[in-house]
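Q: no letters, just coordinates:
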């Protein structure tokens, strides 16, 4: 999720910039891993040695991502559910931590946008976007926090340039001010434990996404 489904992730898996083993022994959660940037992140993490736990509501797409990882000898745990369900988020974090033997990285990538002009935007759609793009991020971090404290792990929240300026006919996928404040609050709260809490805003072009993926996986492996 996060970019159009047409984004081809194969270059992220096979690219020369990948450092095999950079995340060896790490355990990473990636949300929205059935397609797009989420799939690219999952493949990159797995290619560099991480055991990945992936979730999405798209069962078919998620299995395609997992199958690619397994075919290359990677380790993957998956769960299909909707991120509006906070109980399912907690269950996933607990199951993922148990399956992988811990959690070192939480990458909140899943997001959505509603392509409607303002006069056609209803309350249900508004609430749905906030639940997925904002509320689920908070509860995924909260649910994984016991594992992250044990591992001195890191959190990466994927934001969007589309949330920083208006796009005609599209309900912004992220409310940037609220999202940044949420990231900053978690960062400030966890800074004493020397835990990285980062927000990444990839470029809007699907053809230049491999660079930020490479940048922050190197940051996490440091």
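A: Looks like it arrived, so ask away. Remember, it's a predicted structure, so these values are computed and weren't measured experimentally.
Q: strands along the chain, start to end?
A: 27-31, 51-56, 76-80, 105-108, 154-158, 197-200 (DSSP state E).
Q: how close does residue 112 sit to residue 51?
A: For residue 112, the distance to residue 51 (CB to CB, to the nearest Å) stands at 27 Å. No exception for glycine: its C-beta is placed from N, CA and C like everyone else's.
Q: which one's more surrounded, those two?
A: Between residue 112 and residue 51, counting by other CB atoms under 10 Å, residue 51 is the more crowded of the two (24 against 16).
Q: residue 26 is in contact with the more buried one, correct?
A: Yes. Between residue 51 and residue 26 there is a contact under CB atoms under 8 Å: 7.3 Å.
Q: from residue 83, how far off is residue 97?
A: 18 Å.
Q: between the two, which is the more surrounded one?
A: residue 83 (26 against 22).
Q: what sits against that one?
A: Residues near residue 83 by CB atoms under 8 Å, 6 or more residues apart in numbering: 31, 55, 57, 89, 110, 131, 132, 136, 140.
Q: neighbours of the fourth one, how many?
A: By other CB under 10 Å, 26 other residues sit near residue 89.
Q: same deal with the last one?
A: The number of residues packed near residue 140 is 25, by other CB under 10 Å.
Q: if I pick it, what's in contact with it?
A: Per CB under 8 Å, 6+ apart, neighbours of residue 140: 29, 31, 83, 89, 93, 106, 108.
Q: from those, which two are the most distant?
A: Pairwise distances across the contacts of residue 140 (CB to CB) peak at 13.0 Å, for the pair 83 and 106.
Q: okay, the closest residue to residue 32 other than its chain neighbours and residue 73: tell me how far apart.
A: Residue nearest to residue 32 in three dimensions, not counting chain neighbours: residue 110, with 3.0 Å by CB to CB, 6 or more residues apart in numbering. Distance, residue 110 to residue 73, by CB to CB: 26 Å.
Q: which one's more surrounded, the two?
A: The neighbour count for residue 110 versus residue 73, taken as other CB under 10 Å, is higher for residue 110 (26 against 8).
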